[in-house]
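**Student:** the sequence isn't on hand, but the structure is:
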């Protein structure tokens, strides 16, 4: 990539003669008189001669012959004189022989087209000064001239690549050099201290329409739009990208000058006529340029070709997108299948042992924090070996599949059913109580006993034996899962030994925990609603499905509801670090909480009354007003007062 500092440090950069610099300075002053301009021009005989020749050219078309600079400057005007002096200076800079001469000639030819296009646009629209527009057009490719002079060997590469790569001039320059002629031209104009409006217009002549439209000052916006139109005209007349240039011309001319296609055609014809006079003025050969009608034919042919290529490219892109989308879907389906295989038993399609073990461990961790029970049920098919021996292993597989479907249909939505191994299944019960776990296990046993399992047309009686256990994990207990499953397995063995087709349940919950658990469950808003006959159990269960338990710790909830302050929570946590007791129990023992407050906070961990009330109203189980009345009654009768022990142990 090209280092821009190499350009700015070069002695080959285009320079302005003293007279041009002085004229630019005079143009900035309101006190400048015509005599000052004439005297300054006379300091450079070469420019004086060219200005007199310009005044007599067809480009200006003055009626009488102009013989002196004293007559030429008043006729041309200060601004035109300054613009022409700068133009002649650039024309001299661009004269070159040798291997780069064709690129210099192309630069100057296109610059003359730019200048003529800008001036013609000004005259047709009646906006701005024609001389200022002419100068903007002339300066559009100033950076191109600078790079031709400073880095000719490097610059030749993108110039030649442009003929075949089909990309824009700026894109090609940036690809090969890391810098473009617009950036170089703006910097050079800044060094020359040209007016900011001219620099801004040149800096945006390849900019998107939206960027030009965003210019706040109307005059600057119009000048920048004229520069962009002139640049597109230059590409239309002088480059191989005529179709693309015509498309940009249509957009720019309509957006900023309200040209119709007919207006644009008229304008391009006027530019072509003006080029004849400009070629004479600057002694440049533009005879090789096609006529406006020939240009239009070539541009339209390119547009058709571009449209076809774009259509093919879009079609190919659509096909590629469809292929990628299909591959993505296939990959997603494969991933889903792999996830299913990783989580589910291949024969029965219920969860597998690995998934169950991971889920049980997560549930134990959660329950250890919230002091809630965890319950499991082991289900074993009675005399399964005899079924296999009598009817064959294929029928045995069918029996397992049908039992799995029956168990799945009987458990609750939040319960987890898995194949534990062989003919053994396991259920992880959601929010179990001892009584609820027993009822669930009995429903499972009864459902299998009633199941119609047929070998051909003969019903094969199948029963299951069940072992269940329930526990509240201790704070520092690390083997709760193992102990829970081992206890359920012992109960299952007892059911088998006692005659099969029965349930044995053992609770590992101590009496104190059992009483506390009962109190917490009875305190919950859902239980209160059922007890006070606002709703029945099925309706409350529907609302609970849409609720989430509060994940906040006990101390956080106690602070939130005003039962404890932060210092009290910190003190109890410090005591807990040296104790096996739970936070709530320690808080009660130390007089920071009452039993009722502890029960209420534990119930909040399991169930948020406000959330449940919102769910009930949303589902239409109670009217909003009836729901609010029920919630207020619950809070009046069941919720202990906050801060009642604030002074105790504080």
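**Tutor:** Structure's in. What do you need? Keep in mind the model is a prediction, meaning the values are calculated, not measured.
**Student:** just the strands in the stretch 451-600 of the chain please.
**Tutor:** 454-455, 458-459, 464-471, 503-507 (DSSP state E, counting those that start in this stretch).
**Student:** can you spell out which helices and strands pack onto the longest one?
**Tutor:** Read that as strand 464-471. strand 374-381, helix 434-450, helix 480-497, strand 503-507 (3 or more Cβ pairs under 8 Å, 6 or more residues apart in numbering; DSSP states H and E). The C-beta positions use only the backbone N, C-alpha and C, and glycine is treated the same way.
**Student:** list the pairing partners of it within its sheet, with orientation.
**Tutor:** Paired neighbours of strand 464-471 in the sheet (DSSP bridges): strand 374-381 (antiparallel), strand 503-507 (parallel).
**Student:** point out the most buried one among the helices and strands packed on strand 464-471.
**Tutor:** Among the helices and strands packed on strand 464-471, ranked by average contacts under mean count of other Cβ atoms under 10 Å, first place goes to strand 374-381 (a mean of 26).
**Student:** how far out from the middle of the chain is stretch 206-218?
**Tutor:** 27 Å (Cα atoms, centre = their mean, to the nearest Å).
**Student:** need the winner for burial among the strands of the stretch 451-600 of the chain.
**Tutor:** Neighbour counts (mean count of other Cβ under 10 Å) averaged over each of those peak at strand 464-471, with a mean of 27.
**Student:** distance check, the closest residue to residue 150 other than its chain neighbours against residue 28.
**Tutor:** Leaving aside its sequence neighbours, residue 150 sits nearest to residue 10 (Cβ to Cβ, 6 or more residues apart in numbering; 4.3 Å). Distance, residue 10 to residue 28, by Cβ to Cβ, to the nearest Å: 27 Å.
**Student:** same thing with residue 439?
**Tutor:** Separation of residue 439 from residue 28 (Cβ to Cβ) stands at 97 Å.
**Student:** coming back round to it: which one of the helices and strands packed on strand 464-471 lies nearest to residue 171?
**Tutor:** helix 480-497 (64.3 Å; Cβ to Cβ).
**Student:** elements contacting the closest one?
**Tutor:** Counting by 3+ Cβ pairs under 8 Å, 6+ apart, helix 480-497 packs on helix 353-370, strand 374-381, strand 464-471, strand 503-507.
**Student:** closest one to residue 404 among these?
**Tutor:** Nearest of those (Cβ to Cβ): strand 374-381, 10.0 Å.
**Student:** buried sites along the helix or strand just after the closest one?
**Tutor:** Per DSSP states H and E, the first helix or strand lying C-terminal to strand 374-381 is helix 384-391. By neighbour count on 16 or more other Cβ atoms under 10 Å, the buried set for helix 384-391 is 384, 387, 388, 391.
**Student:** got these as JSON lines, with pLDDT columns?
**Tutor:** Shown next, in JSON lines, are the buried residues of helix 384-391 (pLDDT from 0 to 100):
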{"residue": "384", "pLDDT": "96"}
{"residue": "387", "pLDDT": "95"}
{"residue": "388", "pLDDT": "94"}
{"residue": "391", "pLDDT": "95"}
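**Student:** tell me which of the helices and strands packed on strand 464-471 sits nearest to residue 53.
**Tutor:** Minimum separation from residue 53 across those (Cβ to Cβ) falls at helix 480-497, 102.5 Å.
**Student:** and stretch 59-73, average pLDDT?
**Tutor:** For stretch 59-73, mean pLDDT is 85.
**Student:** go through it and flag the buried ones.
**Tutor:** Neighbour count says stretch 59-73 has 59, 60, 66, 69, 71, 72, 73 buried, by 16+ other Cβ under 10 Å.
**Student:** re the thing from before, for the buried residues of helix 384-391, work out which two are farthest apart.
**Tutor:** Spanning the widest gap among the buried residues of helix 384-391 are 384 and 391, at 10.8 Å by Cβ to Cβ.
**Student:** for the stretch 351-500 of the chain, give me the ranges with low pLDDT.
**Tutor:** For the stretch 351-500 of the chain, applying pLDDT under 70 flags no range at all.
**Student:** what about the residue of the chain most remote from its centre, distance to residue 272?
**Tutor:** The centre of the chain is farthest from one residue, residue 67, which by Cα atoms, centre = their mean lies 69.4 Å away. Plainly put, residue 67 is 32 Å away from residue 272 if you go by Cβ to Cβ.
**Student:** same question, residue 377
**Tutor:** According to Cβ to Cβ, residue 377 and residue 272 sit 93 Å apart.
**Student:** and residue 128, by the same measure?
**Tutor:** Taking Cβ to Cβ, one finds residue 128 at 22 Å from residue 272.
**Student:** cool, residue 616 as well?
**Tutor:** Residue 616 is 81 Å from residue 272, by Cβ to Cβ.
**Student:** neighbour-wise, which of these two wins?
**Tutor:** It is residue 616, of residue 616 and residue 272, that has more neighbours when counted by other Cβ atoms under 10 Å, with 29 against 22.
**Student:** tell me who's in contact with the closest residue to that one other than its chain neighbours.
**Tutor:** The spatially closest residue to residue 616, leaving aside those adjacent along the chain, is residue 543, at 4.7 Å (Cβ to Cβ, 6+ apart). Contacts for residue 543 were tallied using Cβ atoms under 8 Å, 6 or more residues apart in numbering; they are 526, 535, 612, 615, 616, 619, 621.
**Student:** in stretch 346-358, what's buried?
**Tutor:** So for stretch 346-358, counting by 16+ other Cβ under 10 Å, buried means 348, 350, 351, 352, 355, 356.
**Student:** by mean pLDDT, flag the weakest helix or strand of the chain.
**Tutor:** When the helices and strands of the chain are scored by mean pLDDT, DSSP states H and E, helix 292-343 comes last with a mean of 71.
**Student:** quick one: contacts for residue 411?
**Tutor:** For residue 411, the contact set (Cβ under 8 Å, 6+ apart) comprises 417, 427, 440, 444.
**Student:** ditto for residue 17
**Tutor:** Residue 17 touches 44, 47, 89, counting by Cβ under 8 Å, 6+ apart.
**Student:** backbone dihedrals for it, both of them.
**Tutor:** Per-residue torsions, residue 17: phi -70, psi 160 (degrees, to the nearest 10).
**Student:** report pLDDT for it.
**Tutor:** Per-residue pLDDT puts residue 17 at 73.
**Student:** ditto for residue 241
**Tutor:** Reported pLDDT for residue 241: 80.
**Student:** and it, how many neighbours?
**Tutor:** 21.
**Student:** not counting sequence-adjacent ones, nearest residue to it?
**Tutor:** Nearest non-adjacent residue to residue 241, counting by Cβ to Cβ, 6+ apart: residue 235, 5.6 Å away.
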